[in-house]
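Trainee: build me a structure from this.
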Amino acid sequence: MIEPTDAGPVAGRHARRRLRVVFAVTALGAFMASLDLSIVNVAFPALERSFPHDAQASLAWVITGYSIVFGALLVVAGRTADRIGSRRVFFAGLAIFCLGSALAGLAPSVPLLVAGRLVQGVGAAALLPSSLGLLLAAFPSERRSQIVALWGGIGALAVATGPSLGAVLITGFGWRAAFYVNLPIGLVAWLVGRNVLPTLRGDTTRSSPDYPGVVLLSGALAALVLAISEGPGWGWSSGWIIASFATALGLGAGFLRRSARHAEPVLDLTLFRSRSFTVANAAALLYAMGFFAMLLGNILFLTSVWHYSILRAGLAVTPGPLVVAVVSGPAGKMAGRYGFRRLLLTGFVVFTAGLVWYATRVGLRPEYLSVWLPGTLVVGLGIGLTFPVLSAAAVSSLQPERFAVGSAVNQTARQVGGALGIALLVVILGTPTGAAEALAHFHHLWWFVAAMAASSGLICCLLGPPGSVRVPADPGALDTASGFDTTGPGPLESAPPRLAPVEVV
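Mentor: Sure thing, here's the model as predicted:
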């Protein structure tokens, strides 16, 4: 741990300055990984124009491939950092992420672009848990809750600014800039970080993480996404689609069997003995299916039906993420006061209402101020009241020493749901022949997202009443981008986080 010493005011100032630099470097890692969750959505229309002969189902792998790899590796990456040291994993993740960014930016074809995104997913999965572990190791225990909440805020800021930043970059320099922007950020993090990041000794006595399990999970998800996205084109009864569903089922069963037997599984099935954990993660999975489909769908609607430029579309969707960033902090405090179930049900009602507004009020004629903006603000309010609180609900019933892995599993559920949601978006939007048909398909998409939000709300009714279990002191501090619990120790710490005196589920 880096702490100010008693050697004098100069040494104390130097130590404080070093701590600020450690925070900046680790936050840059979280910023890069989180930025790519939103910036690529804005680049999607430009990708469609650059690769006009590739189907939307093929281009969707640019997003789903990243989500599958990121979600499948997240828990294993955290356990690898435990085993060999978070500094090594952080720099490896930084190098891999920048390599993937360069490959994606240089890609002359969609398959190579998807390959670059897969490499990015590996790097992002390594960056998030290792950066959090380094941050927790550097700061004294009394400052961890505050400083890691700020770290989570950087991730949320990246998601909020992704649409507008991406729109500016893509308008000025093309879609490849959405990937190249990571290179100077990564270079700065590497140059500064190698001198200030603490060296943490790993625990090599621990069992090796289940890397074959990652392969099984990734293969099962890829086969399922392939079957869903290509079903309309290949035919739902075709041999390839049936084989893809069968492969997904077989690999998924093998993954669950391996997770039940491995000492360090990708998915710790014992966590699901907790009803709150199971309910919250089921709700997060369905929620993410709609949420990620909406993020991409809104950009596609604005650019294809209302014919907005990429810059205008990016700015048009920015108010929503900004509302989320403002609301999520107070929402965490409200959850501690009123209970998860009540707040989540309120948030899901608001979120669903905003989507119904889109589905019933948005038409062919652009009406941003009177129609789109009100819907965006209502949807942003609903997301701010639900998404970060779902993460807190997922870990609320776990023992403190299991908060980190529980939060990572919750993030995996989000990424899996996101990959499935993008695949379903391709099916719902299809290939319309005119503007009126395209509008009808987008209405179907918004109804689908509303159904997912409503289903998540219904599932949350199964959460226990207030007073059932303990909850992290600040559920709103859960990073909305990474899903890691930011009230206490990450994958590399053993001291339990603070617990609030109020007990809720």
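Trainee: any weak-confidence spans in the stretch 251-400 of the chain?
Mentor: Of all residues in the stretch 251-400 of the chain, those with pLDDT under 70 make up the ranges 400.
Trainee: at 90 instead, please
Mentor: The stretch 251-400 of the chain contains residues with pLDDT under 90 at 262-271, 273-277, 280, 321-322, 324-342, 384, 386-400.
Trainee: name the nearest residue to L267, sequence neighbours excluded.
Mentor: S259 (4.6 Å; Cβ to Cβ, 6 or more residues apart in numbering). Bear in mind the C-beta positions are built from the backbone N, C-alpha and C, glycine included.
Trainee: and for A167?
Mentor: Per Cβ to Cβ, 6+ apart, closest to A167 is G314, 2.4 Å.
Trainee: ok, L343 next?
Mentor: Counting by Cβ to Cβ, 6+ apart, the residue nearest L343 is A335, at 5.0 Å.
Trainee: quick check: which element contains the residue nearest to A167?
Mentor: Assessed by DSSP states H and E, G314 sits inside helix 310-317.
Trainee: so how far is that helix from its chain's centroid?
Mentor: 21 Å (Cα atoms, centre = their mean, to the nearest Å).
Trainee: how about it as CSV, C-alpha atoms only?
Mentor: Extracted in CSV, the C-alpha atoms of helix 310-317 (Å, rounded to 0.1, in the frame of the first residue of the first chain):
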residue,chain,number,x,y,z
ILE,A,310,-23.8,10.3,-37.2
LEU,A,311,-22.8,13.5,-35.3
ARG,A,312,-26.4,14.6,-34.9
ALA,A,313,-27.5,11.1,-33.8
GLY,A,314,-24.7,10.8,-31.3
LEU,A,315,-25.7,14.1,-29.7
ALA,A,316,-29.4,13.2,-29.8
VAL,A,317,-29.0,10.1,-27.6
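Trainee: could I get the buried residue list for it?
Mentor: Neighbour counts over helix 310-317 (16 or more other Cβ atoms under 10 Å) mark I310, L311, R312, A313, G314, A316, V317 as buried.
Trainee: so W236, which state does it fall into?
Mentor: Here W236 is recorded as coil under DSSP: H, G, I helix; E, B strand; the rest coil.
Trainee: buried residues, the helix or strand hosting A404. List them.
Mentor: Using DSSP H and E, A404 maps to helix 403-429. Neighbour-count burial for helix 403-429 flags 403-429 (criterion: 16+ other Cβ under 10 Å).
Trainee: counting neighbours, what do you get for W190?
Mentor: For W190, the count of nearby residues is 16 (other Cβ atoms under 10 Å).
Trainee: surely it meets A92?
Mentor: No: with contact defined as Cβ atoms under 8 Å, W190 and A92 do not form a contacting pair (11.1 Å).
Trainee: so how far is V22 from I147?
Mentor: Counting by Cβ to Cβ, to the nearest Å, the separation of I147 from V22 is 10 Å.
Trainee: joint contacts of the two?
Mentor: L135, F139 (Cβ atoms under 8 Å, 6 or more residues apart in numbering).
Trainee: quick one, domains of this structure?
Mentor: Following automatic domain parsing, the chain resolves into domains at 9-210+262-477, 211-261.
Trainee: out of those domains, which one sits most buried?
Mentor: Comparing these by mean neighbour count (mean count of other Cβ atoms under 10 Å), domain 9-210+262-477 comes out on top with a mean of 21.
Trainee: from the chain's centre, how far out does that domain sit?
Mentor: With Cα atoms, centre = their mean as the basis, domain 9-210+262-477 stands 2 Å off its chain's centre.
Trainee: could you shift the numbering so residue one becomes 170, and keep it that way?
Mentor: All right, first residue 170 from here; so that's domain 178-379+431-646.
Trainee: ok, and what's touching stretch 334-345?
Mentor: 204, 207-212, 215-216, 219, 273-275, 346-347, 349-350, 478-484.
Trainee: could I get that stretch in CSV with only the CA atoms?
Mentor: Below are the C-alpha coordinates for stretch 334-345, written out as CSV (Å, rounded to 0.1, in the frame of the first residue of the first chain):
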residue,chain,number,x,y,z
LEU,A,334,-17.3,11.5,-28.4
GLY,A,335,-17.7,8.7,-30.9
ALA,A,336,-19.9,10.9,-33.1
VAL,A,337,-17.3,13.6,-33.2
LEU,A,338,-14.5,11.2,-34.0
ILE,A,339,-16.3,9.3,-36.7
THR,A,340,-17.6,12.5,-38.4
GLY,A,341,-14.2,14.0,-38.5
PHE,A,342,-12.0,10.9,-39.1
GLY,A,343,-14.2,8.0,-40.0
TRP,A,344,-15.2,4.8,-38.1
ARG,A,345,-11.7,3.6,-37.7
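Trainee: tell me the mean pLDDT for it?
Mentor: Computed over stretch 334-345, the mean pLDDT rounds to 92.
Trainee: how far away is L296 from G388?
Mentor: In terms of Cβ to Cβ, L296 sits 23 Å off from G388.
Trainee: for the closest residue to G404 other than its chain neighbours, give me its contacts.
Mentor: Leaving aside its sequence neighbours, G404 sits nearest to I410 (Cβ to Cβ, 6+ apart; 6.7 Å). Residues near I410 by Cβ under 8 Å, 6+ apart: A396, E399, G400, W403, G404.
Trainee: can you redo these as a markdown table with distance to H612 and pLDDT?
Mentor: A markdown table is the format used below for the contacts of I410 (distance: Cβ to Cβ, whole Å; pLDDT from 0 to 100):
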| residue | distance to H612 | pLDDT |
| --- | --- | --- |
| A396 | 25 | 94 |
| E399 | 24 | 91 |
| G400 | 21 | 90 |
| W403 | 26 | 91 |
| G404 | 26 | 91 |
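Trainee: which of those sits closest to L567?
Mentor: Of all the contacts of I410, A396 has the smallest distance to L567: 33.6 Å, by Cβ to Cβ.
Trainee: what sits against the closest one?
Mentor: I410, S413, F414, A417.
Trainee: among the residues you listed, which are in helices?
Mentor: Counting by DSSP state H, the contacts of A396 place I410, S413, F414, A417 in helices.
Trainee: dump those residues to a markdown table, plus distance to T545 and pLDDT.
Mentor: Converted to a markdown table, those look like this (distance: Cβ to Cβ, whole Å; pLDDT from 0 to 100):
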| residue | distance to T545 | pLDDT |
| --- | --- | --- |
| I410 | 36 | 95 |
| S413 | 36 | 96 |
| F414 | 36 | 96 |
| A417 | 35 | 96 |
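Trainee: good, we can wrap up now.
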